[in-house]
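Chemist: Quick one, structure for this:
(2 chains)
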Amino acid sequence: MKTLVLGIGNPILSDDGVGIRVAQGVGKELNDPQITVSETSAAGLSLLDSIIGYDEVIIIDAIQTQKGKAGQIYRMGPGDFSFAKHISSPHQINLVTALELGKVLDLAMPQKITIFAVEAKDITNFGEICTPEVERAIPEAVKMVLEELKFQTSP
Amino acid sequence: MKKIMIDPVTRLEGHGKIAIFLNDDGGVANVYFQVPELRGFEKFSEGRPAEDMPQITQRICGVCPEAHHMASTKTLDALFHVEPTSAAKKLRELLYSAFYVTDHTTHFYILAGPDFVMGPDAPPAERNILGVIAKVGLELGGAVIKTRHDNHWVIQTIGGRPIHPCFGLPGGVSKAINEEERAKIEEIAKSSVEFGKLSLKVFDDVVLKNKDYLDMVLSDTFTHRTYSMGLVDENNKVNFYDGKVRVVDPEGKEFIKYAPRDYVEHLAEHVEPWTYLKFPYLKKVGWKGFVDGKDSGVYRATPLSRLNAADGMATPLAQEEYERMYSTLGGKPAHYTLATHWARLVEIVYAAERMLELVQDPEITSTDIRNIPKATPDEGVGIVEAPRGTLTHHYITDERGVIKKCNLIVGTTNNYAAFYMSVKKAAEDLIKPGKEITEGLLNRIEMAWRPYDLCLACATHSLPGQMPLEVTIYDAQGNELKKLSQGI
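Modeler: Below you'll find the model as predicted:
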């Protein structure tokens, strides 16, 4: 079974780089030929290109919700995005649409997609490190992803 | 009347806002807009080696990183006073042409297509790529994915990495291509030409043969007579990669033509109290307000503007389509904002034909791909046409080539004034006293801004640069009447 861990984000836009930072952290801890760890700053349809051909995908990204606290970590499936009005993310509709598009076009879509999202504070100022609350969340998010992988790969 | 303060300094939640205020009889009194802008890039780049800028600036935008990479690379040529080799220029333009095919294809089918294929009265849940594919067929959907996929492979092969090329250097590029790669790129170029022709046929069948749509395209509501800007080659033909910036007046007469290093002489910025956005305008005409016409310094830099500013397309099929477009639109220049979508399709054909020309050039596999700079760096300007408009990079460095100052004018910024005018006019024409504000009506207002495809890097991961945007309509007492949003 092929698994992809994909960190999404912009590494020079402060908290928007958290997905990539977490993926890098996960990659350091793994040594499994069946698990690929990757990063992308790509848009919705290009996400589709990245996930085709994998059985399971874990996506890690930044998110901004109306009531969330910076550094909070959420675990979601694609179904959590569809009509969740309390979540405000430029990514949500695009990911869902990209996934549906893959299905419609009969592409080799993953059977299972899990999303870990970290609540971001600042995604409009350029910077190569995250804000302190988000920086502190990175090791925790790495742990959560590794737990998820253990759960997925255990018999 | 309840007063609503529009505080331009208020931090936005990462999406743009348009506020439409109605007067007592239900007509439009005023329109304001605010879009989030990214802050601190100049400070972020200070102290960095200029050679890093093609890598850094391409991270600004998740949608058109290739455009920033290319503008930055050309800025390095100017900064280090070095001319790239002939083969290097061709490789750069080859990559850039493949990029245009992918970017314009994505924009048309994801953003514009739904408006026309599904229609402005279709429910939002259907007005997306899935609705388009359901209507035009799976085969076309597959062709869209394949064209993007194949051209992304071209970009990766020439540029060295998917999406974020790492090949631009002052004086050239970092890698050549071999014959096997060249042959595959040639096949992809040929099928991209066919795909471009197919897309124009879709536009024909769905838009031009539909009288309601054609009327909308040609209507006054979606028309603004402004100056048009675009890069042209030495024959005044559209070129995305290199040339001089040409601006024509609303009647099509050449107004200015400048080399990149002279841009500061021609562009200035206007400031409004209700927004921290700045509105570029033509210095030599002056700022006369958000108005059309020859006496107003407002200009547009969009695919349609590029075609207006040029005397034609440099490749045969694209030239045919260019002529057909203008003949249908009643002449040149064309000021119909919705025709921007058509211009994008003509540009796909040009980009694909240009790809084919370049990949068949015997020099394209040359290994003479770099001239090493010898001069001391000081200052440089590089300009390319980003899909969304003329993109300018300007760096000032110390004698080691370390950035002291940088200024970027991104494609979208050129169009802020025109965008505002388009939204305002559409709102004023469509929202009338006594007329119910329906979803369809709001969609039509959306159609006024969609051709500009406002791309802000905060929408880094959104589908083709679609900025999250919220439109709120307030009654004369300042109460919120209706809200529309995209990408939120």
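
Chemist: What is the neighbour count of the closest residue to A:Ala62 other than its chain neighbours?
Modeler: Closest residue in space to A:Ala62, ignoring its immediate chain neighbours: A:Ala120 at 4.0 Å, by CB to CB, 6 or more residues apart in numbering or on different chains. All C-beta atoms are positioned from the backbone trio N, CA, C, and that covers glycine. Per other CB atoms under 10 Å in any protein chain shown, the neighbour tally for A:Ala120 reads 30.

Chemist: give me the low-pLDDT residue ranges for the chain?
Modeler: Picking chain A for this. Judged by pLDDT under 70, chain A has its weakly predicted residues at A:43-44, A:78, A:81-94, A:152-155.

Chemist: let's do chain B instead
Modeler: For chain B, residues meeting the criterion pLDDT under 70 lie at B:1-15, B:455-468, B:486-488.

Chemist: What residue spans form the domains of it?
Modeler: B:16-35+B:419-486, B:224-312 (automatic domain parsing).

Chemist: For chain A, which of those is the nearest?
Modeler: For the domains of chain B, the distance to chain A is smallest for domain B:16-35+B:419-486, at 4.2 Å, taking CB to the nearest CB.

Chemist: Centre of the chain to that closest one, how far?
Modeler: Domain B:16-35+B:419-486 sits 20 Å away from the centroid of its parent chain (CA atoms, centre = their mean, to the nearest Å).

Chemist: need the domains of chain B in CSV with distance to A:Glu133 and mean neighbour count, can you?
Modeler: Formatted as CSV, the domains of chain B follow (distance: least, CB to CB, whole Å; neighbours: other CB atoms under 10 Å in any protein chain shown):
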stretch, distance to A:Glu133, mean neighbour count
domain B:16-35+B:419-486, 20, 19
domain B:224-312, 26, 19
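
Chemist: Let's have those domains in CSV, adding distance to B:Asp368.
Modeler: Shown next, in CSV, are the domains of chain B (distance: least, CB to CB, whole Å):
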stretch, distance to B:Asp368
domain B:16-35+B:419-486, 35
domain B:224-312, 19
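
Chemist: And those domains: which comes nearest B:Pro54?
Modeler: Closest approach to B:Pro54 among those (CB to CB): domain B:224-312, 14.3 Å.

Chemist: how far is that closest one from where the chain is centred?
Modeler: A distance of 14 Å separates the centroid of the chain from that of domain B:224-312, by CA atoms, centre = their mean.

Chemist: end-to-end on that domain?
Modeler: By CA to CA, to the nearest Å, the extent of domain B:224-312 from end to end equals 22 Å.

Chemist: Next: stretch B:117-136.
Modeler: 8 Å.

Chemist: right, is it up against chain A?
Modeler: Yes. Stretch B:117-136 reaches chain A (CB under 8 Å from any CB of the partner chain) through B:Asn128, B:Ile129, B:Leu130, B:Ile133.

Chemist: for chain A, which residue is closest to the average position?
Modeler: For chain A, the residue sitting closest to the mean C-alpha position, by CA atoms, centre = their mean, is A:Ile60 at 1.8 Å.

Chemist: Oops, could you answer that again for chain B instead?
Modeler: B:Arg388 (0.4 Å).

Chemist: Report whether the expected contact of that one with B:Cys61 is present.
Modeler: No. Taking contacts as CB atoms under 8 Å, B:Arg388 lies outside contact range of B:Cys61: 9.5 Å.

Chemist: Tell me, how many residues neighbour B:Cys64?
Modeler: B:Cys64 - counted by other CB under 10 Å - has 26 other residues nearby.

Chemist: swap in the one 3 residues further on?
Modeler: Around B:Ala67 there are 28 other residues, counting by other CB under 10 Å.

Chemist: can you give me the helices for the stretch 1-150 of chain B?
Modeler: B:41-45, B:53-57, B:65-79, B:86-106, B:113-118, B:129-136, B:138-159 (DSSP state H, counting those that start in this stretch).

Chemist: right, so of those helices, which gets closest to B:Leu198?
Modeler: Nearest to B:Leu198, of all the helices of the stretch 1-150 of chain B, is helix B:138-159, at 6.9 Å by CB to CB.

Chemist: for B:Glu480, what are its contacts?
Modeler: B:Thr472, B:Ile473, B:Tyr474 (CB atoms under 8 Å, 6 or more residues apart in numbering or on different chains).

Chemist: so the first one touches B:Lys483, yeah?
Modeler: What it means is B:Thr472. Yes. Using CB under 8 Å, B:Thr472 is in contact with B:Lys483, at 5.2 Å.

Chemist: Show me what the longest helix anywhere in chain A packs onto, helices and strands only.
Modeler: Scanning chain A for the longest helix, with DSSP state H as the assignment, gives helix A:132-153. For helix A:132-153, the packing partners by 3 or more CB pairs under 8 Å, 6 or more residues apart in numbering or on different chains; DSSP states H and E come out as strand A:3-8, helix A:18-29, strand A:56-65, strand A:73-76, strand A:112-119.
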